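Visitor: Below: sequence and its predicted model.
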Amino acid sequence: TKPLGVGILSTAQKRGLLKDEHLPMMIKQVKTLNKMGEELGKIKGVTAMTDVTGFGLLGHLIEIAEGSGLSAETYYDKLPIAAGVKEYIVQRIFPDATTRNWNAYSDKVKFEKGVNVMEAFTLLPDPQTNGGLLFSVKEKAKEEITALLKKDGLNNFIEPIGRFIAKGEKTIEVKK
């Protein structure tokens, strides 16, 4: 329910490198509560939910997948990414915890050919400060979830970023 990369943006700010145009979005994101979690929790088709915080998207997705006895496919090209994040990644600006996160779970992740792996190594384990909600839903609840997201002005988060699949060799498969 929020774009990825706020850890990268806040690191750029701490280093005095954040561009002025990226500051308002970063501040808005870290101040925005995940109040939608209460509404999502009332929907029977929601099967798991967590906020994306210190372990990054990959860490939290691994927790859900392993807790469910499944693997997950993530569609890299469908991930919502905050404005400016990719330019900071190119400059190798990222929190120190990103590397610790990646080292903790890299053996559970497989990348499909065509994914920008160097970028993904930085973005997917990026520790988020007040990141968005990551949740899974049964297919039959998709319309109800879509309506709720639209009602709350979250039209940019309607498209699924992946799906759970039968347990495979790796817990997460990052696809293009």
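Guide: Received, thanks. It should be emphasised that the depicted structure is a prediction, and the values quoted were computed from it without experimental measurement.

Visitor: in the longest helix along the chain, what's buried?
Guide: For the chain, the helix that runs over the most residues, judged by DSSP state H, is helix 56-68. Across helix 56-68, burial judged by 16 or more other Cβ atoms under 10 Å covers 56-66. Glycine gets a C-beta too; all of them are placed from N, C-alpha and C.

Visitor: And for stretch 11-25?
Guide: Buried, per 16+ other Cβ under 10 Å, within stretch 11-25: 11-13, 18, 22, 25.

Visitor: Now it - C-alpha only, PDB.
Guide: What follows is stretch 11-25, C-alpha atoms only, in PDB (Å, rounded to 0.1, in the frame of the first residue of the first chain):
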ATOM      1  CA  THR A  11      19.600   7.400   3.700                       C
ATOM      2  CA  ALA A  12      20.100   9.900   0.900                       C
ATOM      3  CA  GLN A  13      18.600  12.600   3.200                       C
ATOM      4  CA  LYS A  14      20.900  11.600   6.100                       C
ATOM      5  CA  ARG A  15      23.900  12.000   3.700                       C
ATOM      6  CA  GLY A  16      22.700  15.300   2.500                       C
ATOM      7  CA  LEU A  17      22.100  14.000  -1.000                       C
ATOM      8  CA  LEU A  18      18.300  13.800  -1.200                       C
ATOM      9  CA  LYS A  19      16.900  16.100  -3.900                       C
ATOM     10  CA  ASP A  20      14.400  18.600  -2.800                       C
ATOM     11  CA  GLU A  21      11.600  17.100  -5.000                       C
ATOM     12  CA  HIS A  22      11.900  13.800  -3.200                       C
ATOM     13  CA  LEU A  23      11.600  15.000   0.300                       C
ATOM     14  CA  PRO A  24       7.800  15.700   0.500                       C
ATOM     15  CA  MET A  25       6.900  12.200  -0.700                       C
END
